[in-house]
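>>> Next comes the sequence, and after it the predicted model I'd like to discuss.
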Amino acid sequence: VGTVASIAAGQPTACQTANGPDVTVGSLMAAANGNDTTGNMQNYTATGGFDAFSMGTYSLNVGKVWVNWFQTTNQHPVIGQNCFKYKVVNGAGRFEQLGQSWLKHGFFALSDTVWCPVCTSTDGTHLGVGCSDPYTANRNGGQSGAGPKWQVNAHTGAFTYPPANPAFSGTMARRLAVSTADLEPSSAAVRFFGEGQYVSPDDALAGNQNNNVSYRELTVAGTTDFTFSFTAGNTTKRELPAIKAWKTIDPSVTETTFDIPSDGRIIVSSKATDLGGGTWHYEYAVYNMNSDQCIGTFSVPVPDSASVTNIGFRDVSYRDGDGIGNVNIDGTDWPSSRASNTITWTTSTFAANANGNSIRWGTMYNFRFDANVAPAASGNASMSTWKVVNSYNVAAQIPGAGSPTACYANC
(Lines give C-alpha, C1' and ligand atoms only; values in the text may rest on other atoms or scores of the structure.)
Protein backbone atom coordinates (compact mmCIF):
# COMPACT_ATOMS: atom_id res chain seq x y z
CA VAL A 1 0.00 0.00 0.00
CA GLY A 2 1.30 3.44 -0.87
CA THR A 3 2.40 5.95 1.73
CA VAL A 4 -0.21 8.63 2.35
CA ALA A 5 1.63 11.93 2.17
CA SER A 6 -1.20 13.96 3.78
CA ILE A 7 0.19 17.22 2.48
CA ALA A 8 -1.20 20.36 0.94
CA ALA A 9 -0.43 21.40 -2.60
CA GLY A 10 2.64 23.60 -2.70
CA GLN A 11 4.46 21.52 -0.10
CA PRO A 12 7.07 18.88 -0.95
CA THR A 13 5.55 15.87 -2.68
CA ALA A 14 6.47 12.26 -1.86
CA CYS A 15 6.94 11.00 -5.42
CA GLN A 16 7.23 7.32 -6.37
CA THR A 17 6.51 6.20 -2.81
CA ALA A 18 3.80 3.66 -3.66
CA ASN A 19 4.28 0.27 -5.25
CA GLY A 20 2.13 0.14 -8.36
CA PRO A 21 0.06 2.97 -9.84
CA ASP A 22 -1.21 5.58 -7.36
CA VAL A 23 -3.35 8.44 -8.63
CA THR A 24 -4.41 11.17 -6.25
CA VAL A 25 -5.84 14.69 -6.48
CA GLY A 26 -2.75 16.85 -6.55
CA SER A 27 -4.85 20.00 -6.57
CA LEU A 28 -8.46 21.09 -6.69
CA MET A 29 -7.22 22.99 -9.54
CA ALA A 30 -5.92 26.46 -9.57
CA ALA A 31 -3.95 27.24 -12.69
CA ALA A 32 -2.57 25.29 -15.60
CA ASN A 33 0.66 24.81 -13.65
CA GLY A 34 -1.13 23.30 -10.64
CA ASN A 35 -0.39 26.32 -8.45
CA ASP A 36 -3.03 26.95 -5.78
CA THR A 37 -2.80 30.74 -5.97
CA THR A 38 -5.79 31.16 -8.29
CA GLY A 39 -8.94 29.20 -8.97
CA ASN A 40 -10.48 27.19 -11.79
CA MET A 41 -14.19 27.13 -10.99
CA GLN A 42 -17.29 26.97 -13.17
CA ASN A 43 -20.49 28.50 -11.80
CA TYR A 44 -23.94 27.79 -13.23
CA THR A 45 -27.05 29.95 -12.88
CA ALA A 46 -29.35 28.84 -10.07
CA THR A 47 -32.70 27.42 -11.13
CA GLY A 48 -35.50 25.34 -9.64
CA GLY A 49 -34.26 25.73 -6.07
CA PHE A 50 -30.74 24.50 -6.86
CA ASP A 51 -27.41 26.08 -7.66
CA ALA A 52 -24.44 24.23 -9.17
CA PHE A 53 -20.72 24.54 -9.74
CA SER A 54 -17.78 22.40 -10.79
CA MET A 55 -14.10 22.46 -9.86
CA GLY A 56 -11.01 21.75 -11.88
CA THR A 57 -8.89 18.82 -10.72
CA TYR A 58 -5.20 18.16 -11.29
CA SER A 59 -4.33 14.49 -10.85
CA LEU A 60 -0.90 13.28 -9.76
CA ASN A 61 0.64 9.82 -10.00
CA VAL A 62 2.81 9.27 -6.90
CA GLY A 63 3.24 5.58 -7.67
CA LYS A 64 6.12 3.68 -9.25
CA VAL A 65 3.98 2.44 -12.17
CA TRP A 66 1.90 4.37 -14.70
CA VAL A 67 -1.90 4.59 -14.33
CA ASN A 68 -4.17 3.21 -17.06
CA TRP A 69 -6.14 5.91 -18.90
CA PHE A 70 -7.94 4.13 -21.76
CA GLN A 71 -10.99 6.21 -22.63
CA THR A 72 -13.22 3.63 -24.37
CA THR A 73 -12.88 0.86 -21.77
CA ASN A 74 -13.35 0.48 -18.02
CA GLN A 75 -9.62 1.02 -17.48
CA HIS A 76 -9.48 4.72 -16.69
CA PRO A 77 -10.23 6.87 -13.63
CA VAL A 78 -13.63 8.31 -12.83
CA ILE A 79 -13.81 11.63 -11.02
CA GLY A 80 -16.42 12.70 -8.45
CA GLN A 81 -16.94 15.98 -6.62
CA ASN A 82 -18.71 16.90 -3.37
CA CYS A 83 -19.65 20.01 -1.41
CA PHE A 84 -19.76 20.32 2.40
CA LYS A 85 -20.70 22.98 4.94
CA TYR A 86 -19.61 23.71 8.50
CA LYS A 87 -21.92 25.82 10.63
CA VAL A 88 -22.64 26.54 14.28
CA VAL A 89 -26.35 25.93 14.84
CA ASN A 90 -27.95 26.72 18.21
CA GLY A 91 -24.53 26.77 19.81
CA ALA A 92 -23.22 23.50 18.36
CA GLY A 93 -21.03 22.94 15.30
CA ARG A 94 -22.11 20.57 12.57
CA PHE A 95 -20.48 19.38 9.33
CA GLU A 96 -22.86 18.38 6.54
CA GLN A 97 -22.70 17.31 2.91
CA LEU A 98 -24.69 19.60 0.63
CA GLY A 99 -24.35 17.89 -2.73
CA GLN A 100 -22.56 15.44 -5.00
CA SER A 101 -21.83 15.25 -8.71
CA TRP A 102 -22.09 12.43 -11.18
CA LEU A 103 -18.77 11.02 -12.39
CA LYS A 104 -16.55 12.35 -15.14
CA HIS A 105 -14.84 9.55 -17.07
CA GLY A 106 -11.17 10.17 -17.85
CA PHE A 107 -10.28 10.17 -21.54
CA PHE A 108 -6.67 11.33 -22.05
CA ALA A 109 -3.74 11.91 -19.69
CA LEU A 110 -1.30 14.71 -20.29
CA SER A 111 2.26 14.41 -19.04
CA ASP A 112 2.77 17.58 -17.01
CA THR A 113 5.67 17.99 -14.60
CA VAL A 114 4.11 19.94 -11.73
CA TRP A 115 4.97 18.48 -8.32
CA CYS A 116 7.43 15.66 -9.00
CA PRO A 117 10.87 16.57 -10.38
CA VAL A 118 10.64 13.98 -13.17
CA CYS A 119 7.62 12.96 -15.26
CA THR A 120 7.95 9.92 -17.50
CA SER A 121 5.69 10.98 -20.35
CA THR A 122 3.27 8.71 -22.23
CA ASP A 123 1.04 8.84 -25.31
CA GLY A 124 -2.02 9.79 -23.26
CA THR A 125 -3.28 6.24 -22.60
CA HIS A 126 -1.51 6.28 -19.22
CA LEU A 127 -0.66 8.83 -16.53
CA GLY A 128 3.11 8.48 -16.37
CA VAL A 129 5.20 8.02 -13.26
CA GLY A 130 5.60 11.40 -11.54
CA CYS A 131 3.21 13.02 -14.03
CA SER A 132 0.18 15.27 -13.54
CA ASP A 133 -2.92 15.74 -15.68
CA PRO A 134 -5.44 18.62 -15.53
CA TYR A 135 -9.18 18.51 -16.11
CA THR A 136 -10.73 21.96 -16.15
CA ALA A 137 -13.85 22.83 -14.22
CA ASN A 138 -15.74 23.06 -17.51
CA ARG A 139 -14.75 19.50 -18.44
CA ASN A 140 -15.53 18.13 -14.99
CA GLY A 141 -18.94 19.79 -15.20
CA GLY A 142 -19.77 18.21 -18.56
CA GLN A 143 -23.18 16.58 -18.55
CA SER A 144 -23.48 14.23 -21.52
CA GLY A 145 -20.51 11.99 -20.67
CA ALA A 146 -21.06 11.84 -16.91
CA GLY A 147 -21.99 8.50 -15.36
CA PRO A 148 -23.81 7.55 -12.13
CA LYS A 149 -21.91 6.40 -9.04
CA TRP A 150 -23.93 3.24 -8.42
CA GLN A 151 -22.14 1.41 -11.27
CA VAL A 152 -18.73 1.93 -9.62
CA ASN A 153 -17.16 -0.16 -6.85
CA ALA A 154 -14.89 2.47 -5.31
CA HIS A 155 -12.94 -0.11 -3.30
CA THR A 156 -11.95 -2.35 -6.22
CA GLY A 157 -12.20 0.36 -8.87
CA ALA A 158 -14.40 -1.83 -11.08
CA PHE A 159 -17.14 -0.12 -13.07
CA THR A 160 -19.43 -0.55 -16.04
CA TYR A 161 -18.50 1.10 -19.33
CA PRO A 162 -20.14 2.77 -21.10
CA PRO A 163 -22.10 4.11 -18.11
CA ALA A 164 -25.86 4.33 -17.81
CA ASN A 165 -27.17 7.35 -19.68
CA PRO A 166 -30.76 8.23 -18.74
CA ALA A 167 -32.38 11.27 -20.32
CA PHE A 168 -31.67 14.59 -18.62
CA SER A 169 -32.45 18.26 -19.05
CA GLY A 170 -31.48 21.58 -17.54
CA THR A 171 -28.21 23.06 -16.33
CA MET A 172 -28.34 21.42 -12.88
CA ALA A 173 -28.51 17.82 -14.12
CA ARG A 174 -25.59 15.52 -13.22
CA ARG A 175 -23.58 18.45 -11.87
CA LEU A 176 -22.57 19.28 -8.29
CA ALA A 177 -25.94 20.78 -7.43
CA VAL A 178 -26.79 22.22 -4.01
CA SER A 179 -30.17 23.31 -2.67
CA THR A 180 -30.22 27.10 -2.45
CA ALA A 181 -31.92 26.70 0.95
CA ASP A 182 -28.58 25.32 2.24
CA LEU A 183 -26.53 28.21 0.87
CA GLU A 184 -25.60 31.50 2.51
CA PRO A 185 -22.56 33.78 2.35
CA SER A 186 -19.40 32.42 3.92
CA SER A 187 -18.40 33.83 7.31
CA ALA A 188 -16.35 32.89 10.36
CA ALA A 189 -19.23 30.70 11.53
CA VAL A 190 -20.25 29.36 8.09
CA ARG A 191 -17.59 27.65 5.99
CA PHE A 192 -17.79 25.60 2.78
CA PHE A 193 -15.51 22.92 1.35
CA GLY A 194 -15.12 21.24 -2.02
CA GLU A 195 -13.84 17.69 -2.42
CA GLY A 196 -12.52 15.74 -5.41
CA GLN A 197 -12.02 11.98 -5.70
CA TYR A 198 -10.44 9.73 -8.34
CA VAL A 199 -11.36 6.03 -8.56
CA SER A 200 -9.17 3.88 -10.79
CA PRO A 201 -9.12 0.08 -11.23
CA ASP A 202 -5.35 -0.44 -11.37
CA ASP A 203 -4.76 2.00 -8.51
CA ALA A 204 -7.23 0.00 -6.39
CA LEU A 205 -5.75 -3.34 -7.45
CA ALA A 206 -2.41 -2.13 -6.08
CA GLY A 207 -4.09 -1.24 -2.76
CA ASN A 208 -3.65 2.50 -3.22
CA GLN A 209 -7.30 3.60 -3.16
CA ASN A 210 -7.31 5.29 0.26
CA ASN A 211 -5.34 8.42 -0.71
CA ASN A 212 -7.43 9.42 -3.73
CA VAL A 213 -9.49 12.20 -2.08
CA SER A 214 -8.47 15.84 -1.52
CA TYR A 215 -10.37 18.91 -0.35
CA ARG A 216 -10.16 22.68 -0.39
CA GLU A 217 -12.05 25.49 1.33
CA LEU A 218 -14.55 27.46 -0.75
CA THR A 219 -16.02 30.93 -0.48
CA VAL A 220 -19.73 31.34 -1.22
CA ALA A 221 -21.29 34.73 -2.01
CA GLY A 222 -24.75 35.83 -3.09
CA THR A 223 -28.38 35.71 -2.02
CA THR A 224 -30.39 33.69 -4.55
CA ASP A 225 -27.89 32.98 -7.33
CA PHE A 226 -24.67 32.09 -5.52
CA THR A 227 -21.06 32.28 -6.63
CA PHE A 228 -18.54 29.65 -5.55
CA SER A 229 -14.81 30.35 -5.54
CA PHE A 230 -11.68 28.95 -3.90
CA THR A 231 -10.92 30.74 -0.63
CA ALA A 232 -8.01 33.14 -0.99
CA GLY A 233 -4.85 31.96 0.75
CA ASN A 234 -6.22 28.44 1.20
CA THR A 235 -4.60 25.51 -0.57
CA THR A 236 -5.68 21.98 -1.45
CA LYS A 237 -5.42 19.54 1.45
CA ARG A 238 -3.99 16.68 -0.52
CA GLU A 239 -4.99 13.06 0.14
CA LEU A 240 -7.45 14.13 2.85
CA PRO A 241 -11.27 13.90 2.60
CA ALA A 242 -13.27 16.99 3.52
CA ILE A 243 -14.69 15.48 6.72
CA LYS A 244 -11.26 16.06 8.24
CA ALA A 245 -11.91 19.81 8.05
CA TRP A 246 -14.34 19.46 10.97
CA LYS A 247 -11.62 18.36 13.40
CA THR A 248 -9.25 20.98 11.96
CA ILE A 249 -11.83 23.66 12.78
CA ASP A 250 -12.66 22.11 16.17
CA PRO A 251 -9.86 19.93 17.64
CA SER A 252 -12.26 18.58 20.30
CA VAL A 253 -14.05 16.53 17.61
CA THR A 254 -13.41 12.78 17.85
CA GLU A 255 -12.45 11.35 14.47
CA THR A 256 -12.29 7.59 13.87
CA THR A 257 -11.09 5.94 10.66
CA PHE A 258 -12.32 2.39 10.18
CA ASP A 259 -11.47 0.04 7.31
CA ILE A 260 -14.17 -2.57 6.75
CA PRO A 261 -12.44 -5.93 6.26
CA SER A 262 -11.98 -6.70 2.55
CA ASP A 263 -13.86 -3.51 1.72
CA GLY A 264 -13.54 0.25 2.00
CA ARG A 265 -12.84 3.06 4.43
CA ILE A 266 -15.35 4.76 6.72
CA ILE A 267 -14.67 7.87 8.82
CA VAL A 268 -16.91 8.69 11.79
CA SER A 269 -16.60 12.11 13.45
CA SER A 270 -18.50 13.16 16.57
CA LYS A 271 -18.84 16.03 18.99
CA ALA A 272 -20.72 16.56 22.26
CA THR A 273 -21.42 20.23 22.98
CA ASP A 274 -22.50 21.65 26.35
CA LEU A 275 -25.40 23.97 25.55
CA GLY A 276 -25.90 25.00 29.18
CA GLY A 277 -28.94 24.49 31.34
CA GLY A 278 -28.21 20.78 31.65
CA THR A 279 -28.43 20.17 27.90
CA TRP A 280 -25.82 18.47 25.70
CA HIS A 281 -25.99 18.25 21.92
CA TYR A 282 -24.56 15.12 20.28
CA GLU A 283 -23.56 15.42 16.63
CA TYR A 284 -22.28 12.61 14.36
CA ALA A 285 -21.04 12.53 10.76
CA VAL A 286 -20.53 9.18 8.99
CA TYR A 287 -18.50 9.42 5.78
CA ASN A 288 -18.10 6.54 3.32
CA MET A 289 -14.94 7.10 1.31
CA ASN A 290 -14.96 3.95 -0.81
CA SER A 291 -16.92 1.10 0.80
CA ASP A 292 -19.02 -0.91 -1.65
CA GLN A 293 -20.84 -2.59 1.24
CA CYS A 294 -22.24 0.82 2.27
CA ILE A 295 -23.65 1.64 5.72
CA GLY A 296 -27.27 0.88 6.61
CA THR A 297 -27.48 1.30 10.40
CA PHE A 298 -25.98 3.70 12.95
CA SER A 299 -26.46 3.40 16.71
CA VAL A 300 -25.46 5.40 19.80
CA PRO A 301 -25.76 4.03 23.37
CA VAL A 302 -27.79 6.29 25.69
CA PRO A 303 -28.55 5.62 29.39
CA ASP A 304 -32.11 4.43 29.84
CA SER A 305 -32.70 7.16 32.43
CA ALA A 306 -31.66 9.98 30.06
CA SER A 307 -34.15 12.31 28.45
CA VAL A 308 -33.58 12.66 24.71
CA THR A 309 -35.07 15.26 22.36
CA ASN A 310 -34.47 16.77 18.94
CA ILE A 311 -33.44 13.51 17.29
CA GLY A 312 -32.32 14.38 13.78
CA PHE A 313 -30.99 12.95 10.54
CA ARG A 314 -29.56 14.41 7.33
CA ASP A 315 -28.55 12.77 4.06
CA VAL A 316 -27.56 13.96 0.60
CA SER A 317 -29.85 14.08 -2.43
CA TYR A 318 -29.70 11.71 -5.39
CA ARG A 319 -30.98 13.12 -8.66
CA ASP A 320 -31.41 12.65 -12.41
CA GLY A 321 -32.06 8.90 -12.46
CA ASP A 322 -28.84 8.00 -10.68
CA GLY A 323 -29.95 4.57 -9.40
CA ILE A 324 -30.44 1.07 -10.74
CA GLY A 325 -32.97 1.14 -13.59
CA ASN A 326 -32.34 4.87 -14.18
CA VAL A 327 -34.54 5.90 -11.26
CA ASN A 328 -33.46 8.03 -8.32
CA ILE A 329 -31.90 6.31 -5.34
CA ASP A 330 -34.43 6.43 -2.50
CA GLY A 331 -34.22 9.61 -0.43
CA THR A 332 -36.36 8.45 2.50
CA ASP A 333 -34.94 9.72 5.80
CA TRP A 334 -33.75 7.03 8.18
CA PRO A 335 -36.27 6.57 11.00
CA SER A 336 -34.90 6.42 14.54
CA SER A 337 -35.88 4.18 17.43
CA ARG A 338 -34.86 3.91 21.06
CA ALA A 339 -34.57 0.53 22.74
CA SER A 340 -32.12 -1.40 24.93
CA ASN A 341 -30.36 1.80 25.99
CA THR A 342 -29.60 2.67 22.36
CA ILE A 343 -30.79 5.15 19.74
CA THR A 344 -30.67 3.52 16.31
CA TRP A 345 -31.19 4.91 12.83
CA THR A 346 -31.67 2.46 9.98
CA THR A 347 -32.64 2.42 6.32
CA SER A 348 -34.48 -0.23 4.31
CA THR A 349 -32.55 -3.43 3.71
CA PHE A 350 -30.61 -4.13 0.53
CA ALA A 351 -32.81 -7.19 -0.05
CA ALA A 352 -35.93 -5.05 0.14
CA ASN A 353 -34.66 -2.23 -2.08
CA ALA A 354 -31.34 -2.23 -3.95
CA ASN A 355 -31.90 1.51 -4.50
CA GLY A 356 -32.33 2.04 -0.75
CA ASN A 357 -30.93 5.09 1.02
CA SER A 358 -27.69 3.62 2.40
CA ILE A 359 -24.53 5.65 2.97
CA ARG A 360 -22.87 4.94 -0.37
CA TRP A 361 -19.30 5.75 -1.34
CA GLY A 362 -18.50 9.42 -1.63
CA THR A 363 -21.35 10.44 0.68
CA MET A 364 -21.72 11.52 4.31
CA TYR A 365 -24.81 11.38 6.54
CA ASN A 366 -25.50 13.10 9.89
CA PHE A 367 -27.17 11.89 13.07
CA ARG A 368 -27.93 14.09 16.09
CA PHE A 369 -29.88 14.52 19.32
CA ASP A 370 -29.97 16.47 22.61
CA ALA A 371 -29.75 14.77 26.00
CA ASN A 372 -29.50 15.68 29.69
CA VAL A 373 -26.39 13.54 30.14
CA ALA A 374 -22.78 14.70 29.85
CA PRO A 375 -20.46 12.73 27.58
CA ALA A 376 -18.59 9.69 28.81
CA ALA A 377 -14.81 9.76 29.10
CA SER A 378 -14.72 7.29 26.20
CA GLY A 379 -17.12 5.05 24.33
CA ASN A 380 -18.26 3.55 21.05
CA ALA A 381 -21.03 4.08 18.57
CA SER A 382 -21.82 1.22 16.21
CA MET A 383 -22.68 0.82 12.54
CA SER A 384 -23.70 -2.01 10.26
CA THR A 385 -22.90 -2.60 6.63
CA TRP A 386 -25.81 -2.75 4.22
CA LYS A 387 -25.33 -5.23 1.38
CA VAL A 388 -24.05 -7.98 3.69
CA VAL A 389 -24.90 -7.09 7.29
CA ASN A 390 -21.98 -6.98 9.71
CA SER A 391 -21.75 -4.74 12.78
CA TYR A 392 -18.73 -2.76 13.94
CA ASN A 393 -17.92 -0.51 16.90
CA VAL A 394 -16.23 2.85 16.32
CA ALA A 395 -14.87 5.25 18.93
CA ALA A 396 -17.17 8.27 19.33
CA GLN A 397 -18.39 10.81 21.86
CA ILE A 398 -21.46 9.31 23.54
CA PRO A 399 -23.64 10.14 26.55
CA GLY A 400 -22.16 8.92 29.83
CA ALA A 401 -23.70 6.49 32.28
CA GLY A 402 -23.83 9.00 35.12
CA SER A 403 -26.96 10.54 36.60
CA PRO A 404 -28.87 12.89 34.33
CA THR A 405 -28.72 16.58 35.21
CA ALA A 406 -31.58 17.83 37.33
CA CYS A 407 -32.19 20.69 34.96
CA TYR A 408 -32.96 19.91 31.33
CA ALA A 409 -34.26 21.93 28.41
CA ASN A 410 -36.69 24.58 29.71
CA CYS A 411 -34.91 25.43 32.96
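Cool, the structure landed. Residues are numbered from 1 along each chain as shown.

>>> Show me where the stretch 1-150 of the chain has its strands.
23-28, 41-47, 50-55, 57-61, 67-68, 78-89, 92-100, 104-105, 126-127, 132-135 (DSSP state E, counting those that start in this stretch).

>>> For the ones you listed, give me JSON lines that also has distance to Ser336, mean pLDDT and mean neighbour count.
In this view, the C-beta of every residue, glycine as well, is placed from N, C-alpha and C. Below are the strands of the stretch 1-150 of the chain laid out as JSON lines (distance: least, CB to CB, whole Å; pLDDT from 0 to 100; neighbours: other CB atoms under 10 Å):
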{"stretch": "strand 23-28", "distance to Ser336": "35", "mean pLDDT": "94", "mean neighbour count": "29"}
{"stretch": "strand 41-47", "distance to Ser336": "33", "mean pLDDT": "96", "mean neighbour count": "17"}
{"stretch": "strand 50-55", "distance to Ser336": "28", "mean pLDDT": "97", "mean neighbour count": "26"}
{"stretch": "strand 57-61", "distance to Ser336": "37", "mean pLDDT": "95", "mean neighbour count": "30"}
{"stretch": "strand 67-68", "distance to Ser336": "43", "mean pLDDT": "98", "mean neighbour count": "27"}
{"stretch": "strand 78-89", "distance to Ser336": "19", "mean pLDDT": "98", "mean neighbour count": "22"}
{"stretch": "strand 92-100", "distance to Ser336": "17", "mean pLDDT": "98", "mean neighbour count": "22"}
{"stretch": "strand 104-105", "distance to Ser336": "36", "mean pLDDT": "98", "mean neighbour count": "22"}
{"stretch": "strand 126-127", "distance to Ser336": "45", "mean pLDDT": "98", "mean neighbour count": "28"}
{"stretch": "strand 132-135", "distance to Ser336": "40", "mean pLDDT": "94", "mean neighbour count": "24"}
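
>>> Can you add distance to Asn357 and give these back as a markdown table?
Formatted as a markdown table, the strands of the stretch 1-150 of the chain follow (distance: least, CB to CB, whole Å):
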| stretch | distance to Asn357 |
| --- | --- |
| strand 23-28 | 27 |
| strand 41-47 | 25 |
| strand 50-55 | 19 |
| strand 57-61 | 28 |
| strand 67-68 | 33 |
| strand 78-89 | 17 |
| strand 92-100 | 14 |
| strand 104-105 | 24 |
| strand 126-127 | 35 |
| strand 132-135 | 30 |
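
>>> list the contacts for Val220?
Shown in contact with Val220 (CB atoms under 8 Å, 6 or more residues apart in numbering): Leu183, Glu184, Pro185, Ser186, Phe192, Phe226, Thr227, Phe228.

>>> Now rank those by neighbours and give me the top one.
In terms of neighbours by other CB atoms under 10 Å, these top out with Phe228 at 27 neighbours.

>>> For the nearest residue to that one once chain neighbours are set aside, name its beta-bridge partners.
Nearest residue to Phe228, sequence neighbours excluded (CB to CB, 6 or more residues apart in numbering): Phe53, at 4.2 Å. On the basis of DSSP bridges, Phe53 is bridged to Asn43, Leu176.

>>> is it true that Asn328 touches Tyr318?
Yes - in this structure Asn328 lies within contact range of Tyr318 using CB atoms under 8 Å: 5.1 Å.

>>> what about the two, which has more around it?
A count of neighbours by other CB under 10 Å puts Tyr318 above the other of Asn328 and Tyr318, at 21 against 14.

>>> Can you name the residues that contact the more buried one?
Asn328, Ile329, Asp330, Gly331.

>>> For it, give its distance to Thr219.
Distance of Tyr318 to Thr219, computed by CB to CB, to the nearest Å: 27 Å.

>>> Just the helices from this structure, written as ranges.
137-140, 201-205, 244-249 (DSSP state H).

>>> List the buried residues of the longest one.
So the one you mean is helix 244-249. Buried positions in helix 244-249, judged by neighbour count with 16 or more other CB atoms under 10 Å: Lys244, Ala245, Trp246, Lys247.

>>> Export those residues as JSON lines, with columns for distance to Thr297.
Listed next are those as JSON lines, based on distance: CB to CB, whole Å:
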{"residue": "Lys244", "distance to Thr297": "24"}
{"residue": "Ala245", "distance to Thr297": "26"}
{"residue": "Trp246", "distance to Thr297": "22"}
{"residue": "Lys247", "distance to Thr297": "24"}
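
>>> would you turn those residues into TSV with pLDDT?
TSV is the format used below for those (pLDDT from 0 to 100):
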residue	pLDDT
Lys244	98
Ala245	98
Trp246	98
Lys247	98
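
>>> Including distance to Pro301, could the helices of the chain go into CSV?
Shown next, in CSV, are these (distance: least, CB to CB, whole Å):
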stretch, distance to Pro301
helix 137-140, 42
helix 201-205, 35
helix 244-249, 22
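
>>> Can you give me the neighbour number for Gly91?
The local packing of Gly91 (other CB under 10 Å) involves 11 other residues.

>>> where does this protein dip in pLDDT?
The chain contains residues with pLDDT under 70 at 1-13, 30-39, 402-411.

>>> Try it again at 90.
Applying pLDDT under 90 to the chain flags residues 1-14, 29-40, 232-235, 340, 401-411.

>>> So the closest residue to Val129 other than its chain neighbours versus Gly63, what's the distance?
Closest residue in space to Val129, ignoring its immediate chain neighbours: Thr120 at 4.6 Å, by CB to CB, 6+ apart. Separation of Thr120 from Gly63 (CB to CB) stands at 11 Å.

>>> which ones are touching the closest residue to Ile295 other than its chain neighbours?
Leaving aside its sequence neighbours, Ile295 sits nearest to Ile359 (CB to CB, 6+ apart; 3.9 Å). When contacts are counted by CB under 8 Å, 6+ apart, Ile359 touches Val286, Asn288, Cys294, Ile295, Gly296, Asp315, Tyr365, Trp386.

>>> how near is Ile359 to Thr385?
10 Å.

>>> Now list whatever residues contact both of the two.
By CB under 8 Å, 6+ apart, Ile359 and Thr385 have these common neighbours: Cys294, Ile295, Gly296.

>>> The second one: neighbour count?
Residues near Ile295, counting by other CB under 10 Å, number 23.

>>> Tell me who's in contact with the closest residue to Gly49 other than its chain neighbours.
Excluding the flanking residues, the one nearest Gly49 by CB to CB, 6+ apart is Thr180, at 5.8 Å. Thr180 makes contact with Ala46, Gly49, Phe50, Asp51, Thr224, Phe226, according to CB under 8 Å, 6+ apart.
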